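*Asks:* need coordinates for the following:
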Amino acid sequence: MADRKTVTRQTFIGEKGIALIERRCLEMGHLFHPRRVDHGIDGHIDLVDPDNGAVLNLTLLVQSKAQDRRFSGETDDGFHYVCDQRDLDHWLSGNSPVILVFSHPESGEAWWVEVKAEFPDAVSRASRVVHIDKHAQRFDRDAAHVLLHLAVPRTAGLYLRPAPNHRSAHHEPAARHRDAADAASGPCGLHRLPRRRCR
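*Replies:* Below you'll find the model as predicted:
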């Protein structure tokens, strides 16, 4: 019998990572759309108003990093990931926020980071290293409102109510992304107001 084409294990892992992102987005009340062609972006999230189900025409770009083995330096508390320079340049060059979602699909674990918040200056960009706190940066229902804040542009008329604080005080990485989102968007509730108020 002639040799047949095969599907690699990494292909299955990658597809499972995408499926996990889609499932988690649905649990958050948002919609994930994978891309047929991947050039450093695996898909985008359409954000949805949690109060009335309205699609907000706000999107986040997503790159999946799925593995069936531990990430570099991974412990029960965290790990790090070194970005490819070309990928990093690509993610930082656009005007839409880009998040990286790291996952172990077999165990259903996923964590996320917003690229521009993780690389705010030349020093951090030169290092190319992402640091993940596995307790604070879980990609789950608790991330839903933070993602909304992240996607709202500074000039938008949306007023987003503050995200519920389900995390303890030591979860500083998640707070960093909330702060970055608030700084980028200014607003905080999903109501149009004549003037915006900040926390």
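
*Asks:* pick out the residue nearest the middle of the chain.
*Replies:* Centroid check for the chain by CA atoms, centre = their mean gives Ile99 as the closest residue, at 3.5 Å.

*Asks:* quick one, phi psi at that residue?
*Replies:* Per-residue torsions, Ile99: phi -120, psi 140 (degrees, to the nearest 10).

*Asks:* list the contacts of it.
*Replies:* 60-63, 112-115, 147, 150 (CB atoms under 8 Å, 6 or more residues apart in numbering). Just so you know, the C-beta spots here come from the backbone N, C-alpha and C atoms, and that holds for glycine as well.

*Asks:* pull the longest helix from the protein.
*Replies:* When the chain is parsed with DSSP state H, its longest helix is helix 9-28.

*Asks:* show residues contacting that helix.
*Replies:* Outside helix 9-28, the residues that touch it by CB under 8 Å, 6+ apart are 31-32, 34, 42-43, 45, 62, 64-68, 101, 103, 105-106, 108, 110, 139-141, 143-144, 147.

*Asks:* low-confidence stretches in this structure?
*Replies:* For the chain, applying pLDDT under 70 flags the ranges 1-2, 154-199.

*Asks:* using PDB, write out every CA atom in the longest strand anywhere in it.
*Replies:* Ordering each strand of the chain by length in residues (DSSP state E) puts strand 55-66 first. C-alpha atoms of strand 55-66 as PDB (Å, rounded to 0.1, in the frame of the first residue of the first chain):
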ATOM      1  CA  VAL A  55     -23.000  42.900  19.000                       C
ATOM      2  CA  LEU A  56     -20.900  45.900  19.700                       C
ATOM      3  CA  ASN A  57     -18.800  46.000  16.500                       C
ATOM      4  CA  LEU A  58     -15.700  45.800  18.800                       C
ATOM      5  CA  THR A  59     -13.100  43.100  18.100                       C
ATOM      6  CA  LEU A  60     -10.000  41.600  19.600                       C
ATOM      7  CA  LEU A  61      -7.500  39.700  17.500                       C
ATOM      8  CA  VAL A  62      -6.400  36.400  18.900                       C
ATOM      9  CA  GLN A  63      -3.300  34.200  18.500                       C
ATOM     10  CA  SER A  64      -3.400  30.700  20.000                       C
ATOM     11  CA  LYS A  65      -0.400  29.000  21.600                       C
ATOM     12  CA  ALA A  66      -1.500  25.400  22.400                       C
END
